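Q: let's see this in three dimensions:
(one chain, ligands or ions: 1)
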Amino acid sequence: MQLILIVIVTLFVSSLRANEVLVFEDASELVENCAWKIVTVIDGNNKKGEKTVLGLATGSTPIPLYEALIKITYENHFDWSHVVTFNLDEYVGLPHGHEQSYRYFMDRYLFSRLAFPNYILGIKPENIHFPDVRLCDGKDISLRQFTDDYEMLLACEGPIDIQILGIGTNGHIGFAEPGSSFSGSTMVVALSESTIRDNARFFGGDINAVPQKAITMGIGSILKAKDIILLATGANKAAIMEKVLTSSPAEDIPATALHFHDNVTIYLDKEAAPWKQ
Ligand code: PGA
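A: You can find the predicted model right below:
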């Protein structure tokens with residue numbers, strides 16, 4: 001693995017646990033480092049005959065990570081057939097096949113490229129799990145039942161070995177918006193105005209086209225992961241990352257819940273960490 005310039009900062013916030021914060025020269029070094037961390041865990045579990053459970057995120061930030069994962073996998077023939085995935089969230093109200101649905105996103109950027117016939121050692125479709133309410137179509141099942149079932153599946157298949165997270169400019173993780181309980185499980189949420197505004201860029205700039213609701217893993221579900229990776233790149237994430245790293249945990253900034261976890265690595269590029277220059 002190439003030598004990577006990393007500035008490692010250990011921050012102690014209040015009396016809480018330590019987070020490792022890695023600041024990279026640029027996003028491509030960041031994703032290569034992060035992708036190697038993920039495939040190393042998968043490969044180690046494969047060698048022990050164990051599955052790996054990954055928690056996956058959508059949004060623009062993880063796209064280069066998924067590209068790096070695909071490249072490293074193809075070059076090194078890593079085996080994904082024992083990988084089980086859980087996605088963090090999905091909009092409520094988009095039709096099947098909608099290009100902005102998170103299921104479509106994951107198929108496009110990861111699953112279809114890491115699955116047979118494109119890749120013989122790829123992810124098995126039955127190992128992909130999504131909090132996608134459209135899976136209820138034609139079934140007599142309430143939203144509440146659906147979210148409880150997703151949480152139950154997480155408990156049965158989990159714990160998640162590595163949870164990948166992006167962060168919203170308002171500090172949300174998944175779609176757990178400001179004010180979400182730190183102990184919350186999978187739930188239906190109303191998206192905040194700032195999230196709708198941020199995501200309008202994916203809907204032709206039209207805030208009215210952005211769904212108002214989503215299903216998301218809760219912060220409590222996220223904190224059950226063994227290892228958490230949070231990625232933030234670009235200048236528009238600098239202010240929230242500084243806040244997250246310097247604030248005591250408070251529900252108005254959901255990502256501050258990560259201070260309660262033992263094993264969090266935060267990957268930033270220089271633009272997202274100007275306060276480190
Ligand atoms: P982004 O979204 O990666 O598109 O900035 C992150 C998020 O809202 O969690």
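Q: can you pull the contacts of the residue of the stretch 151-277 of the chain found nearest the ligand?
A: Residue nearest to the ligand within the stretch 151-277 of the chain (CB to the nearest ligand atom): residue 166, separated by 3.3 Å. Bear in mind the C-beta positions are built from the backbone N, C-alpha and C, glycine included. The contact partners of residue 166, by CB atoms under 8 Å, 6 or more residues apart in numbering, come to 57, 58, 59, 61, 62, 173, 230, 231, 232.
Q: turn those residues into a markdown table, columns for secondary structure and distance to the ligand.
A: Formatted as a markdown table, these follow (DSSP: H, G, I helix; E, B strand; the rest coil; distance: CB to the nearest ligand atom, whole Å):
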| residue | secondary structure | distance to the ligand |
| --- | --- | --- |
| 57 | coil | 7 |
| 58 | coil | 8 |
| 59 | coil | 3 |
| 61 | coil | 3 |
| 62 | coil | 7 |
| 173 | strand | 7 |
| 230 | strand | 10 |
| 231 | strand | 8 |
| 232 | strand | 8 |
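Q: which of these count as buried?
A: For those, a burial check counting by 16 or more other CB atoms under 10 Å picks out 57, 58, 59, 61, 62, 173, 230, 231, 232.
Q: out of everything not next to it in sequence, what's closest to the third one?
A: On the basis of CB to CB, 6 or more residues apart in numbering, the spatially nearest residue to residue 59 that is not a chain neighbour turns out to be residue 166, at 4.3 Å.
Q: ditto for the second one
A: On the basis of CB to CB, 6+ apart, the spatially nearest residue to residue 58 that is not a chain neighbour turns out to be residue 102, at 4.4 Å.
Q: wait, that neighbour touches residue 130, no?
A: Yes - Residue 102 is within contact range of residue 130, at 7.5 Å (criterion: CB atoms under 8 Å).
Q: compare those two (neighbour count), which wins?
A: Between residue 102 and residue 130, counted using other CB atoms under 10 Å, the more crowded position is residue 102 (24 against 20).
Q: now residue 46: phi and psi?
A: Per-residue torsions, residue 46: phi -60, psi -40 (degrees, to the nearest 10).
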